[in-house]
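[1] I need the structure of the sequence given here:
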Amino acid sequence: MDVRRDLIFALLQPRLGPRFFSRVSVATGARQSEAALGGRAHVDLVDAGSRQVEAFDLTGTARDHVLDAMDASLAVPLAVDPHVLPFAPEGPWRGEAHRVCDRPGSLARLLEEVAAAGAEQVILVAGSPPPAHAHELSAGRGDLRGRAGEQLAAFESATLRDALEHFTGRFAGLFVVRPAHNPLGPLDFGGVYDERSDRTHTLDELLDRGYEDAYRQFIEPVVGASGEKIASVQP
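    Next up, the predicted model:
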């Protein structure tokens, strides 16, 4: 949050790690181009746009941040306090501690990094049901938790649509597991009453439906149909 950038934590096979963690970031590439045009001979690679300050190898010294990365990814903006992540003194952040949380809309960035890591097949598991049509809308929530959850759910649903539109064809297989109907918002940890089905839905029930959706939408039609034989898209 305080440095206004994404942090990427990755656990890759040794043969894939060097290419992923050493590739030039967009901001660094722009600064290097400016330096070349301006006739400057020296470019500091450990600057605000360097790949070293945003990508962390969990097979190396960054393995101590595994739990930090998980805590930060579960910190919903506005709903809970961000997680404070203290970096190692020998790293690019020089021992500083920064506030980290989840970023709604980060799915596209995540898929970019997955593609850069060399992934061939991607399975997206989302809690967002397909967009609603006419006569399928429900009344708005009056409580603060419900209103904030509705906005987060709408952002996530739109982000998922944009990511699927942009990355379809970039992978040999891009599979989506999502519920047909999910009245639970991102902040409804204790369950919620659903007017459309006239009953209360709980988080445990959502998890059970997730297992069923995974079997029906991925395991049976893809794995059962020898999906591991999908052709490669990598050179």
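[2] distance between the ends of stretch 189-197?
    End-to-end distance of stretch 189-197 (C-alpha to C-alpha, to the nearest Å): 19 Å.
[3] from the chain's centre, how far out does that stretch sit?
    Remark: stretch 189-197 is offset 26 Å from the chain centroid, using C-alpha atoms, centre = their mean, to the nearest Å.
[4] and what of stretch 134-146?
    Worked out by C-alpha atoms, centre = their mean, stretch 134-146 lies 26 Å from the chain centre.
[5] now do the same end-to-end measure for that stretch.
    22 Å.
[6] show me what that stretch is in contact with.
    147, 149, 150, 183, 185, 187, 188, 192, 195, 196 (C-beta atoms under 8 Å, 6 or more residues apart in numbering). Just so you know, the C-beta spots here come from the backbone N, C-alpha and C atoms, and that holds for glycine as well.
[7] repeat that for stretch 55-75.
    7-12, 14, 17, 20-21, 81-83, 85, 87-88, 90-91, 100-102.
[8] buried ones from the residues you listed, can you make that a ChimeraX selection?
    A single ChimeraX command selects the buried members of the contacts of stretch 55-75 (16 or more other C-beta atoms under 10 Å):
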select :7,8,9,10,12,17,20,21,82,83,85,87,91,100,101,102
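[9] tell me which of the contacts of stretch 55-75 fall in helices.
    17, 20, 21 (DSSP state H).
[10] just give the closest residue to the first one, not the sequence neighbours.
    If the residues on either side of it in the chain are set aside, residue 17 comes closest to residue 57, at 5.9 Å by C-beta to C-beta, 6 or more residues apart in numbering.
[11] now do the helices in the chain.
    Under DSSP H, the chain gives helices at 17-22, 26-38, 66-73, 107-116, 144-167, 203-214.
[12] so what touches the fourth one?
    Which is helix 107-116. 6, 8, 10, 20, 23, 122, 124, 159-160, 162-163, 166-167, 170-171.
[13] now the angle from that helix to helix 144-167?
    Angle of helix 107-116 versus helix 144-167, following axes from the mean of the first three to the mean of the last three C-alpha atoms, to 10 degrees, is 40 degrees.
[14] give the buried residues for helix 107-116.
    107, 111, 112, 113, 115.
[15] before we move on, the earlier item: can you redo the contacts of stretch 134-146 as a markdown table with neighbour count and distance to residue 77?
    Shown next, in a markdown table, are these (neighbours: other C-beta atoms under 10 Å; distance: C-beta to C-beta, whole Å):
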| residue | neighbour count | distance to residue 77 |
| --- | --- | --- |
| 147 | 14 | 14 |
| 149 | 20 | 12 |
| 150 | 16 | 15 |
| 183 | 19 | 22 |
| 185 | 20 | 14 |
| 187 | 21 | 11 |
| 188 | 20 | 17 |
| 192 | 18 | 20 |
| 195 | 9 | 27 |
| 196 | 10 | 28 |
